[in-house]
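model the following, please.
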Amino acid sequence: MKYDAVSKRLVEIGRESIVSWFAGLEIEEIQLLEGLPQETVSLRSSDFPVLVRQKSGGEVIVLIEFQTRWVEDLPLRVLEYTVRFMRRYQLPVMPVVILFRKSTRAVDSYSDDFISFRFKLVRMWQIKGEELLETGDVKLYPFVGVMDSSCEEIIRAEEKIYESDLDSLTKADLLTALTILAGMKNEEIASKLLERRRDIMIESPIYDLIKSEGYAEGVKEGMREGMREGMREGMREGMREGMREGMREGMRKGIREGIRRGIEEALRIRFHDVPQIIRERISDIEDEGRLRALHRHAILCGSIDEFMKALDERGTR
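So this is what the prediction gives:
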């Protein structure tokens, strides 16, 4: 899951910043614990237990869980994790659930006739992004994307990460994480971030999550929309020229239009812009076989110029 991968990388980069800010602790020393062998097989990769030595003295285990959306059995699951770590380490445990997506059902406790249990629930959509920006800690800034933040605040977070003194790979990971998290609420701002910083994001291993999922979904959606539009156009033409022949022609137009849209979407996702001349040239092509060949080339070509060359070569045949 892409959000698990993002969460794991953010903890690797800034575990002290995350625990300090979300758990509200003053940390003297922090250590990421391994999952409990065998008896904690239910722990997922997005659960992060850390041993914290506080400046005030004493030790506590902080159990951080990043949760994309609310699930009804989460309180019981957190209770299970808490008890297991308490038994293993004989230390107090502070469970912290960081919930990304808004939910009216989310609660921070569980109780029945015999058990009463509370944990810290961080509702990200209720926190002002400005609060996090004021910390000045760029390792936390990717979370601005899922907070109550304006587009301007998300861009500020991106600029601060980009201008920081961190090494280029860490910057790439933080910028990619910000883009993925921002895409939860606003695909437009995520696309803008990708366009602005793609040159550095491609260094990040988690950039593949954007490339693979975004590319595949974009092409499929382009094909689907093209088919729908072609079908609608075919229906209208069919009413004018005869229902049976119109439907057949509409289907053929729908297929061609779907392929055209798939070509444009593949080029846009891979190279961010499709020149007007390419869109015009593709719109004039009626041969389905030629369109399919160009669609394959749009997926495999190394640049817009290479695709244009293939378009010219096929146009002379």
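
what segments of the stretch 1-150 of the chain are helices?
2-23, 74-89, 129-133 (DSSP state H, counting those that start in this stretch).

in TSV: those helices, plus distance to E188 and mean neighbour count.
In short, each C-beta sits where N, CA and C put it, glycine included. Below are the helices of the stretch 1-150 of the chain laid out as TSV (distance: least, CB to CB, whole Å; neighbours: other CB atoms under 10 Å):
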stretch	distance to E188	mean neighbour count
helix 2-23	19	19
helix 74-89	30	18
helix 129-133	17	18
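
where in the chain is pLDDT low?
1-2, 34-46, 208-250, 314-317 (pLDDT under 70).

quick check: longest helix in it by residues?
helix 243-271 (DSSP state H).

continuing past it, what's the next helix or strand?
Per DSSP states H and E, the first helix or strand lying C-terminal to helix 243-271 is helix 276-283.

hey, C-alpha coordinates of the helix or strand following that next one in CSV?
Moving toward the C-terminus from helix 276-283, the next helix or strand (DSSP H and E) is helix 288-300. Extracted in CSV, the C-alpha atoms of helix 288-300 (Å, rounded to 0.1, in the frame of the first residue of the first chain):
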residue,chain,number,x,y,z
GLU,A,288,-7.5,2.3,-35.7
GLY,A,289,-4.4,0.2,-36.2
ARG,A,290,-2.2,3.2,-36.6
LEU,A,291,-3.6,4.8,-33.5
ARG,A,292,-3.0,1.6,-31.5
ALA,A,293,0.7,1.6,-32.7
LEU,A,294,1.1,5.2,-31.6
HIS,A,295,-0.5,4.4,-28.2
ARG,A,296,2.1,1.7,-27.6
HIS,A,297,4.9,4.2,-28.7
ALA,A,298,3.5,6.8,-26.3
ILE,A,299,4.1,4.3,-23.5
LEU,A,300,7.6,3.3,-24.6
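
which one, of the helices of the stretch 1-150 of the chain, ends up nearest to I304?
Proximity to I304, assessed across the helices of the stretch 1-150 of the chain by CB to CB, is greatest for helix 2-23 (27.6 Å).

can you name every helix or strand that that closest one contacts?
strand 27-32, strand 47-54, strand 59-67, strand 93-99, strand 120-123, helix 168-182, helix 207-209 (3 or more CB pairs under 8 Å, 6 or more residues apart in numbering; DSSP states H and E).

which among the ones you listed is found nearest to R9?
So among these, helix 168-182 is nearest, using CB to CB, at 5.4 Å.

the closest one: what's the following helix or strand?
Following helix 168-182 toward the C-terminus (DSSP H and E): helix 187-201.

name the residues of that next one that come out as buried.
In terms of neighbour count (16 or more other CB atoms under 10 Å), helix 187-201 has its buried residues at I189, A190, S191, K192, L193, L194, R196, R197, R198, I200, M201.

report the angle between it and helix 168-182.
Helix 187-201 and helix 168-182 meet at an angle of 170 degrees, taking axes from the mean of the first three to the mean of the last three CA atoms, to 10 degrees as the criterion.

contact partners of helix 187-201?
Residues outside helix 187-201 that contact it (CB atoms under 8 Å, 6 or more residues apart in numbering): 145, 151, 154-155, 158, 162, 168, 171-172, 175-176, 178-180, 182-183, 207, 210, 272.

now which of the residues you listed would you call buried?
Using 16+ other CB under 10 Å, the buried ones in the contacts of helix 187-201 are 145, 154-155, 158, 171-172, 175-176, 178-180, 182-183, 207, 210.

E286: which of these is nearest?
I210 (34.3 Å).

S168 contacts E203, correct?
Yes. Counting by CB atoms under 8 Å, S168 touches E203, with 6.2 Å between them.

tell me the contacts of R101?
Per CB under 8 Å, 6+ apart, neighbours of R101: T68, R69, W70, W125, V146, M184.

now the two most distant members of the buried residues of helix 187-201.
Spatially, the most separated pair among these is I189 and I200, at 17.5 Å (CB to CB).

in stretch 284-300, which residues are buried?
Quick answer for stretch 284-300 (16+ other CB under 10 Å): I285, R290, L291, L294, H295, H297, A298.

closest one to V78 out of those residues, please.
A298 (46.5 Å).

pull the number of nearby residues for the residue lying closest to the closest one once chain neighbours are set aside.
If the residues on either side of it in the chain are set aside, A298 comes closest to A266, at 4.2 Å by CB to CB, 6 or more residues apart in numbering. Here the number of neighbours of A266 (other CB atoms under 10 Å) works out to 25.

from I299, how far off is A266?
5 Å (CB to CB, to the nearest Å).

and the residue nearest to A5 when sequence neighbours are not counted, how far is that from T104?
In space, and not counting its chain neighbours, A5 is closest to I206: 5.5 Å by CB to CB, 6+ apart. Distance, I206 to T104, using CB to CB: 31 Å.

who's more crowded, these two?
Neighbours per residue (other CB under 10 Å) separate I206 from T104, with I206 holding more: 19 against 5.
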